[in-house]
Each structure stands twice: as C-alpha cells, then as structure tokens.
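[1] Generate coordinates for the sequence data below:
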Amino acid sequence: MVPTRPPTLAFQERIFDDSTLPCRCSLDLDRRGRLDSRYRCVPQETGSRARTCTAPAAPTVDSAAIRDSIARAQAARDAALARQRAYDDSVRRANEAAAAAGDQTGLRNTVTAVVHFDFDRSELRDDARATLDAKVPVLMANPDLTIRVAGHTDERGSVEYNIALGQRRAASAKRYLTERGIAATRIETVSFGEGRPVADGHDENAWAQNRRDEFEITAGGSRLNRPRT
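    Residues are numbered from 1 along each chain as shown. Okay, the predicted model is just below:
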C-alpha cells in the first residue's frame, strides 16, 4: 500500500545500492523543495528477497553552531570598527591639540611682540603703532589678561637719563593701548634703562635692537581666547 504523500512539485528517481538488494525508490520534493521522507519502493527482485528500501538520512543542521558562528563574526567586525574609531579619535584629538597649541602660541606672540624706538625718542613709530594695534583685539577678547611693559634704551647716556627714557617709552605704549579701550589697571610699566641689552656691540645695529619696549603677560594667559569679529 502506498502511503499518502503531500502534494509534490517534482518527482525524481534514484538508485540506492545495497549489498543484498538494489532497489529503485521514487523520492518526492515537497512544496519547499525539500525531499519528502515518504517514498515508494519498487524492488528489482520479487519473492522472498523483496524488501523495502530505507531512505538516506537527511543531513543534520546545527542551528546553535551557525548562530554562534554568526555572532563571532559580528563581534569581530564590531571590534575592528571600535579599533578604527579609537584610532580616528586619537588622530582628531592630536590634530586639535596641535592646532590649539599653534593658536595659543600665535596669540601670545602677538601680545608679547616688541616695539622699537628711534634714538633718544619715546614717540611711537608707525611700525610700533601697527604692532600695538594687533595687541588690542587679543586684550579685548581676554579681559583677565594683564601685561607689563618694560622700557629699554641703548648704552648711550647716563644711567639716570636712560631709566627715565625707558619709563617714557613704556608709558607711550600704555597710553596708546588705554586710548583704544584697554583698562589702565591691566597694564603695568617699568624701566630697565640700558641695563638689559638684547644685542651686544657698540654700533647702530646693536643700539637699534636695544631701544625697545618689551611686553610680558603677568596674569590670565594660561588659555587665551581668539578675538571675534
């Protein structure tokens, strides 16, 4: 008697060889394309040797192992992405730090830029005014920033005269800045006269470098804000 089978989409015949009895079995495909476990057997021999074929066992699928393999692959991808993100973040932070360091250096260099004077004069030259003009927006953007202006002279003249000349030069720079909105209380002045030359020598080249105002940040310079337009 042929067992009842579900509707099939295909029909195929296969030969299953057996050491005792070969037979021809008809195996069907179900609606999802899988082999139906029920089949018909037609023995090649009849009589006492006739027997029923045994269908080959279907392969076993280890679903848990597959899921575990997929999970391991996903974990490996996630770890690789995390490493790449960490590397990208470190590069970004390094670039930002370098840019910030360069920006801070530039702002400090602007505040501390030196101005020079003509011989025996305390009036500001055009180049000195341009240097002071560049300081104003940085000082305005950093209201806690305070500075000291130190006046210097060359070696010519008496010690007393050069101390007074250095003080006038420092005062000229301070007055120029306060006239442009910087509070006078933020600017200290001092004179060193001829006592702290930056250039050795006894010629005009050395003297021109020594006739100067120097600017020192005394407070509020740990982190400078960039001026905004």
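
[2] what about the closest residue to Thr189 other than its chain neighbours, helix or strand, and which?
    Setting aside the residues directly before and after it, Thr189 is nearest to Ala170 in space (C-beta to C-beta, 6 or more residues apart in numbering), at 3.9 Å. Quick note: C-beta positions are derived from backbone N, CA and C, even for glycine. Using DSSP states H and E, Ala170 sits in helix 159-178.

[3] just checking, what packs against that helix?
    Secondary-structure packing of helix 159-178 (3 or more C-beta pairs under 8 Å, 6 or more residues apart in numbering; DSSP states H and E): helix 126-141, strand 146-152, strand 187-193, strand 212-219.

[4] domain assignment for this structure?
    Using automatic domain parsing, the domain parsing of the chain gives 10-49, 106-219.

[5] ranges for the helices of this structure?
    Along the chain, counting by DSSP state H, helices occupy 63-111, 126-141, 159-178, 204-210.

[6] still on that earlier bit, go through the helices and strands packed on helix 159-178 and pick out the most buried.
    Of all the helices and strands packed on helix 159-178, strand 146-152 carries the top mean neighbour count, a mean of 22, counting by mean count of other C-beta atoms under 10 Å.

[7] Go ahead and flag the most central residue of the protein.
    Arg92 (0.8 Å; C-alpha atoms, centre = their mean).

[8] ok, that one to Ala86 distance?
    With distances taken as C-beta to C-beta, to the nearest Å, Arg92 is found 11 Å from Ala86.
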